[in-house]
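Novice: Give the three-dimensional model of this entry:
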Amino acid sequence: MSERGRVLIGKPGLDGHDRGAKVIARALRDAGFEVIYTGLHQTPAMIAAAAIQEDVDCIGLSILSGAHNHLVPEILRELKERGATDIPIFLGGIIPEADVVALKAQGVLEVFTPGTPLDAVVVAVGKACAGRAQTIEALP
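Specialist: Residues are numbered from 1 along each chain as shown. Predicted coordinates for the structure are as follows:
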């Protein structure tokens, strides 16, 4: 296991544009994270199941289809049903600012839009993974 943490990068829904997801996956890998990439066209249930099976510290979602207001709540619901609400989620894509606020209110840790420096993503994901590790260690 990586010292920095395990991150699942998921592409939910019918969005077939995965260049951004692959760029983020590579940046995280190069920064020392272990990265699991699910591939295209994953359902919310598939992403939640993979995150639990792979024992990840954080989930990154790439959504460019505009379906973030449907897919993200479904993924959060799937994680809740599986008892995995402690896995932080970050999101990347073309997300309107009003939706960013709503997504964060639902539990999304961070939303990265086009032009976000890769270093900022790496730092935020590192904090999320470290925060989850501290939370898990504190459990009885």
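
Novice: Work out which residue lies at the spatial centre of the chain.
Specialist: Of all residues in the chain, the one closest to the mean position by CA atoms, centre = their mean is Gly60, 1.7 Å from it.

Novice: Not counting its neighbours along the chain, what's nearest that one?
Specialist: Ile9 (4.7 Å; CB to CB, 6 or more residues apart in numbering). Placement of C-beta: from N, CA and C, glycine included.

Novice: Could I get the buried residue list for the helix or strand of the chain with the lowest mean pLDDT?
Specialist: In the chain, no helix or strand scores lower on mean pLDDT, DSSP states H and E than helix 118-138, which sits at a mean of 80. Buried residues in helix 118-138, counted by 16 or more other CB atoms under 10 Å: 121-122, 124-126, 128-129, 131-132.

Novice: can you redo these as JSON lines with distance to Ile52?
Specialist: Formatted as JSON lines, the buried residues of helix 118-138 follow (distance: CB to CB, whole Å):
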{"residue": "Val121", "distance to Ile52": "23"}
{"residue": "Val122", "distance to Ile52": "24"}
{"residue": "Ala124", "distance to Ile52": "22"}
{"residue": "Val125", "distance to Ile52": "19"}
{"residue": "Gly126", "distance to Ile52": "22"}
{"residue": "Ala128", "distance to Ile52": "17"}
{"residue": "Cys129", "distance to Ile52": "16"}
{"residue": "Gly131", "distance to Ile52": "18"}
{"residue": "Arg132", "distance to Ile52": "13"}
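
Novice: still on that earlier bit, so the residue nearest to Gly60 is in contact with Ala25, correct?
Specialist: Yes - contact criterion CB atoms under 8 Å: Ile9 and Ala25 qualify, at 4.7 Å.

Novice: Tell me where the chain has helices.
Specialist: 19-30, 44-53, 68-81, 97-106, 118-138 (DSSP state H).

Novice: quick one, which of those is nearest to Gly13?
Specialist: Among the helices of the chain, the nearest to Gly13 by CB to CB is helix 68-81 (5.3 Å).

Novice: Check which helices and strands the closest one sits against.
Specialist: The contact analysis (3 or more CB pairs under 8 Å, 6 or more residues apart in numbering; DSSP states H and E) places helix 68-81 against helix 44-53, strand 58-63, strand 89-93, helix 97-106.
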